[in-house]
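Undergrad: just need the structure, nothing else, for what follows:
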Amino acid sequence: MSKLVPLSFVIIMLLSQFCSSAWADHPDTQTEIANLKRRIEQLEKHDIDHPQQSFSLINGQSGLSLTGLVEVEGSYEKFEGGDDSSDLALATVELGIEASLNELVHAHVLLLWEDGDDDVNIDEAVISLTAPRPVLGHELTLHAGRLYLPFGNFNTNMISDGLTLDLAETRDSAVLLEFSCDKMTSKLAVFNGDTNSNDNDDHVDSWVAAIEIQPHSALTLGASYMNDLAESDIELVGDSSLYGHDVPAAGAYVNVAIGAWSFDAEIISALRHFDAPTVAGGEDLSGDQPRAWTVELGWQPTKDLLLATRYEQAEDFQDDAVRYGMTTSYALYDQVMVAVEYLHDDAKGDEGVPTHVGTVQLALSF
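TA: Numbers count the residues shown, from 1 in each chain. Now for the predicted structure:
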């Protein structure tokens, strides 16, 4: 823990030359839902006559806004040499509340129900406090509550989640410090993880550090580090009694957007090996040093149509999966989108069976 503050200040000092003014944002919302909303916004961004808006109440510096999402999906899955299956489901219902007491104090609450859940869950609940004056040329914001930690980027225009998200997405109760300006944002978060190699989960000893630079309006670069990959939501460690030592992980990504084209690439990798007993007891570990990478190309030929194609691989994770596919998204009405996706999953492990998956999605965002 003593290394956390020096690490954050080293990052800030090395990159402070990128800053000329300050701007802050709330921490990332749930990534897969945020990506879906971003696709809808992407299809609406050129619609000047009907810009996307939330329901808001404003009283001076105070304000309350309500956002939401309803998503219905139909799917068909075919296993090579085996059976097929199909399904139709209400996939997601989301209700978000954003409250601003003044320009420095904000709160964010996200209620979420997903297919398979018995109850509506509090997916996120965050209090955000911004310093009244810049610190070292940065706007300093403290976020505290239940939130998604800034490990990984997971940017996509596809319906399906990427392998990097499967491996690394992490949500917990945490305190997050965010230093931001117009060209650089750095984040440092601490939390009490659920998996601990020394069988002691009574201390706040897990942490994430992340940095993002935008040297040009068309280019975004980022990197992140987590001290123990076992804390990710996929629960790589099946039996914590077999877990011998922490396994740190790092990630890096690049996002490029030029005109109607976009390019996204990301890699997430463990930086050391999981012990053999841990690998044997893990459901998704198929080797001792898991990693995943993905590349995606997007094209928006018209304001109503968005095409995306992705190729990705995993090693020592989910039977060394290889996936590729394409999604077509179309704006039916303002803030209403229909999307169709084909995805081929060619698993390389002994237990892996290649599959073909087709998905149709209808989503409304407000």
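
Undergrad: nearest residue to the residue in the chain sticking out farthest from the centre other than its sequence neighbours?
TA: Note on the chain: the largest C-alpha distance from the chain mean falls to Gly81, namely 34.0 Å (Cα atoms, centre = their mean). Spatial nearest neighbour of Gly81, excluding adjacent residues (Cβ to Cβ, 6 or more residues apart in numbering): Val353 at 7.3 Å. C-beta coordinates here come from the backbone N, C-alpha and C atoms, glycine included.

Undergrad: ok now do that neighbour, which residues does it touch?
TA: In this structure, Val353 makes contact with Phe79, Glu80, Gly81, Gly82, Ala347, judged by Cβ atoms under 8 Å, 6 or more residues apart in numbering.

Undergrad: per-residue pLDDT, it?
TA: Turning to Val353, the model gives it a pLDDT of 79.

Undergrad: shouldn't it be within a helix?
TA: No. Counting by DSSP: H, G, I helix; E, B strand; the rest coil, Val353 is not found in a helix; it is coil.

Undergrad: sorry, back to before: helix, strand, or coil at the residue farthest from the centre of the chain?
TA: Gly81 ends up coil, using three-state DSSP.

Undergrad: check which element follows the strand or helix carrying Gln42 along the chain.
TA: Per DSSP states H and E: Gln42 is located in helix 31-44. As assigned by DSSP H and E, the chain's next helix or strand after helix 31-44 is strand 55-59.

Undergrad: from Phe263, how far out is the residue farthest from the centre of the chain?
TA: Taking Cβ to Cβ, to the nearest Å as the measure, Gly81 falls 35 Å from Phe263.

Undergrad: what does Met158 give?
TA: According to Cβ to Cβ, Met158 and Phe263 sit 14 Å apart.

Undergrad: and those two? Which one has more around it.
TA: Met158 (24 against 14; other Cβ atoms under 10 Å).

Undergrad: tell me the contacts of Met326?
TA: Met326 neighbours (Cβ under 8 Å, 6+ apart): Leu307, Ala308, Thr309, Arg310, Glu341, Tyr342.

Undergrad: for the fourth one, helix, strand, or coil?
TA: Which is Arg310. Under three-state DSSP, Arg310 comes out as strand.

Undergrad: bridged to it, which residues?
TA: Glu296, Gly325 (DSSP bridges).

Undergrad: what about it, distance to Asp264?
TA: 9 Å.

Undergrad: what is in contact with the two at once?
TA: By Cβ under 8 Å, 6+ apart, the residues touching both Arg310 and Asp264 are Thr156, Thr294, Val295, Glu296.

Undergrad: now list the buried members of those.
TA: Taking 16 or more other Cβ atoms under 10 Å as the criterion, what is buried in the shared contacts of Arg310 and Asp264 is Thr156, Thr294, Val295, Glu296.

Undergrad: now the third one: how far from Phe263?
TA: Using Cβ to Cβ, we find Val295 at a distance of 8 Å from Phe263.

Undergrad: and for the second one?
TA: Thr294 sits 12 Å away from Phe263, taking Cβ to Cβ as the criterion.

Undergrad: try the last one
TA: Between Glu296 and Phe263 the distance is 7 Å, computed by Cβ to Cβ.

Undergrad: for the stretch 101-250 of the chain, which segments count as helices?
TA: Using DSSP state H, counting those that start in this stretch, the helices of the stretch 101-250 of the chain run over 163-168.

Undergrad: quick one: the strands in it, in order.
TA: 105-114, 121-130, 139-148, 171-180, 184-191, 206-216, 219-226, 249-258 (DSSP state E, counting those that start in this stretch).

Undergrad: right, so the ones you listed: which one is the most enclosed?
TA: A comparison of the strands of the stretch 101-250 of the chain by mean neighbour count, using mean count of other Cβ atoms under 10 Å, puts strand 184-191 on top with a mean of 23.

Undergrad: mind giving me the packing neighbours of it?
TA: helix 4-15, strand 171-180, strand 206-216 (3 or more Cβ pairs under 8 Å, 6 or more residues apart in numbering; DSSP states H and E).

Undergrad: and the angle for it with strand 171-180?
TA: Put simply, strand 184-191 runs at 150 degrees to strand 171-180, going by axes from the mean of the first three to the mean of the last three Cα atoms, to 10 degrees.

Undergrad: chain center to strand 184-191: distance?
TA: Centroid separation for strand 184-191 versus its chain: 15 Å, with Cα atoms, centre = their mean, to the nearest Å.

Undergrad: any idea of the mean pLDDT for it?
TA: The average pLDDT within strand 184-191 is 96.

Undergrad: strand partners (parallel or antiparallel) of it?
TA: Sheet pairing of strand 184-191 (DSSP bridges) gives strand 171-180 (antiparallel), strand 206-216 (antiparallel).

Undergrad: thinking again about what came up before, lowest-confidence member of the shared contacts of Arg310 and Asp264, which is it?
TA: Among the shared contacts of Arg310 and Asp264, pLDDT bottoms out at Thr156, giving 95.

Undergrad: nearest spatial neighbour of it, skipping sequence neighbours?
TA: Asn35 (5.2 Å).

Undergrad: thought Phe154 was touching the one you found, still the case?
TA: Yes. Using Cβ atoms under 8 Å, Asn35 is in contact with Phe154, at 7.1 Å.
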